[in-house]
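Undergrad: Sequence first, then the predicted structure:
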Amino acid sequence: MISCKPQLDLLPQSLSVVMPETGPGFRCLDVAEAPFDIAAVGAALAADGVVLLRNLFAQATVAEVVRRAEEWLALPAVAGVPGYAKVDAPKRLLNPCLLGGPALDLLADERVIDAIEAHMGSECVLAETTLKRDAGVGYVYFPLHSDFAVGWAKSADATDRLTLAQLREPVGVGGVIYLHDTTEGGFCYCIGSHKLLSPHGQDLTRYPAAERAAIEATLVRLDGRAGDLVLFDDRGFHGPDQPSRVERTVILLDYYRVATFGRVQVSPLPLWSTDLARLTPRQLAVLGVGADFWVSPMAYTATRFRRSAAYGLTRLIIENSYLLNHAKAKLKALIGR
């Protein structure tokens, strides 16, 4: 286990770029003002662990994704009816691939893929993605954390676990697509914390008080506009701005390094057959075509409702929802005979 204290010196004492428009402490690259700069994205990720890409996505595409998302987020998925998944009180979850082509344009933008693969020095795979609506509940339910630490594995029974040597490379790049202008409730990141390599694990609340305070002192909130993309090094400490009383809707992404994990996803992505023709071979590869996966869709995050006591009652209602129709049909058949 490596020590956290000496490596705290790797955290920046002063921040080289301050963007008054979006808040201090992180780099904002406006694609509307200058061409997409792969080198600048990589430099920000290497130095700070995070970068905000402003005006990256076309407003018409974002608006269409939002329109489709509102239809799916209106009602829960029940008995095959399209809708959202529920895993706890504050959140509604939806796989954005279900929204079709416009969402895929956001998830597999080749400019973003170029930047991520250049930064990682490897091909990447979109390992996970979720459209998430957070209610403004006013309490903390998802504290600051890192996605990787030495010994990390996606399943408890895995034998091949992440090593310190592997963790010294950027093994994963996360993303947050803002679907509306967002301040309170926005994505937060501890600048430079990706260099620490999570010496005491992924849960920051379990760190010694002094080390935790030093890391939290570098925390910034990345306020964004609809169509902005935040990219961040998964090894750093991050999470939503909480507590928050404002509803937030974002698309979360996680691109994994093929050179570290192989061509593997956490769980398969549901791509519509009608959308496949709009994707290039490279985009298809990033979206997981031909890849393996760690977690069955039957055991993935969105199935967590099965653990709830309400699941048994819901299942009973569904299984017996056509009981009266069935009884009428049986009676008519009996009378007919």
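TA: Thanks, I have the structure now.

Undergrad: residue nearest the centroid of this structure?
TA: Nearest to the mean C-alpha position of the chain, by CA atoms, centre = their mean, lies L252 at 2.7 Å.

Undergrad: wait, that one sits on A127?
TA: No: using CB atoms under 8 Å, L252 is not in contact with A127; the gap is 11.3 Å. (Each C-beta comes from the backbone N, C-alpha and C, glycine too.)

Undergrad: in stretch 293-308, what's buried?
TA: Buried positions in stretch 293-308, judged by neighbour count with 16 or more other CB atoms under 10 Å: F293, W294, V295, Y300, A302, T303.

Undergrad: For these, give me a markdown table that also has secondary structure, pLDDT and distance to D48.
TA: Below are the buried residues of stretch 293-308 laid out as a markdown table (DSSP: H, G, I helix; E, B strand; the rest coil; pLDDT from 0 to 100; distance: CB to CB, whole Å):
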| residue | secondary structure | pLDDT | distance to D48 |
| --- | --- | --- | --- |
| F293 | strand | 94 | 31 |
| W294 | coil | 93 | 29 |
| V295 | coil | 92 | 31 |
| Y300 | coil | 91 | 31 |
| A302 | helix | 88 | 32 |
| T303 | helix | 90 | 36 |
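
Undergrad: what's the closest of those residues to K86?
TA: Among those, A302 lies closest to K86 (CB to CB), at 8.8 Å.

Undergrad: The residue nearest to the closest one when sequence neighbours are not counted: how many residues sit nearby?
TA: Nearest non-adjacent residue to A302, counting by CB to CB, 6 or more residues apart in numbering: A85, 3.7 Å away. Residues near A85, counting by other CB atoms under 10 Å, number 18.

Undergrad: who's in contact with A85?
TA: P76, A77, R92, L93, L94, T301, A302, T303, R304, F305 (CB atoms under 8 Å, 6 or more residues apart in numbering).

Undergrad: for A32, phi and psi?
TA: phi -70, psi -20 (degrees, to the nearest 10).

Undergrad: which residues touch the closest residue in space to it that isn't next to it in sequence?
TA: Closest residue to A32 apart from its sequence neighbours, by CB to CB, 6+ apart: N55 at 4.0 Å. By CB under 8 Å, 6+ apart, the contact list for N55 reads D30, V31, A32, R225, G227, D228.

Undergrad: go with 7 Å
TA: Going by CB atoms under 7 Å, 6 or more residues apart in numbering, N55 touches D30, V31, A32, G227.

Undergrad: Do you know the pLDDT at it?
TA: For N55, the pLDDT comes out at 95.

Undergrad: Also the one 3 residues further on?
TA: What the model reports for A58 is a pLDDT of 96.

Undergrad: what's the burial count for it?
TA: Look at A58: counted by other CB under 10 Å, it has 13 neighbours.

Undergrad: Quick check: closest non-adjacent residue to it.
TA: The shortest distance from A58 to any non-neighbouring residue, by CB to CB, 6+ apart, is to G227 (7.3 Å).

Undergrad: ditto for L179
TA: T249 (4.8 Å).

Undergrad: quick one: average confidence on the host helix or strand of the one you found?
TA: Secondary structure from DSSP states H and E places T249 in strand 248-257. Here strand 248-257 scores 98 as its mean pLDDT.

Undergrad: Also stretch 307-315?
TA: Mean predicted lDDT for stretch 307-315 stands at 90.

Undergrad: Please apply the same query to stretch 83-95.
TA: On average, stretch 83-95 scores 95.

Undergrad: in that stretch, what counts as buried?
TA: So stretch 83-95, judged by 16+ other CB under 10 Å, has buried residues G83, Y84, A85, K86, P90, K91, R92, L93, L94, N95.

Undergrad: mind checking the end-to-end distance for that stretch?
TA: One end of stretch 83-95 sits 10 Å from the other (CA to CA, to the nearest Å).

Undergrad: how distant is that stretch from the center of its chain?
TA: 14 Å (CA atoms, centre = their mean, to the nearest Å).

Undergrad: Over to stretch 283-303?
TA: Distance, centroid of stretch 283-303 to centroid of chain: 14 Å (CA atoms, centre = their mean).

Undergrad: before we move on, what about stretch 188-205?
TA: On CA atoms, centre = their mean, the centre of stretch 188-205 falls 17 Å from the chain's centre.

Undergrad: What's the mean pLDDT across that stretch?
TA: On average, stretch 188-205 scores 96.

Undergrad: buried stuff in it?
TA: Those buried within stretch 188-205 under the rule 16+ other CB under 10 Å are 188-200, 202, 204.

Undergrad: Just flag the most distant two among those residues.
TA: Largest pairwise distance in the buried residues of stretch 188-205, by CB to CB, is 20.5 Å, between C188 and P199.

Undergrad: Can you name the residues that contact L231?
TA: V41, L45, V51, L53, V173, G175.

Undergrad: For those residues, could you give me TSV that also reports secondary structure, distance to A333 and neighbour count?
TA: Listed next are the contacts of L231 as TSV, based on DSSP: H, G, I helix; E, B strand; the rest coil; distance: CB to CB, whole Å; neighbours: other CB atoms under 10 Å:
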residue	secondary structure	distance to A333	neighbour count
V41	helix	67	23
L45	helix	68	24
V51	strand	67	26
L53	strand	64	28
V173	strand	61	24
G175	strand	57	23
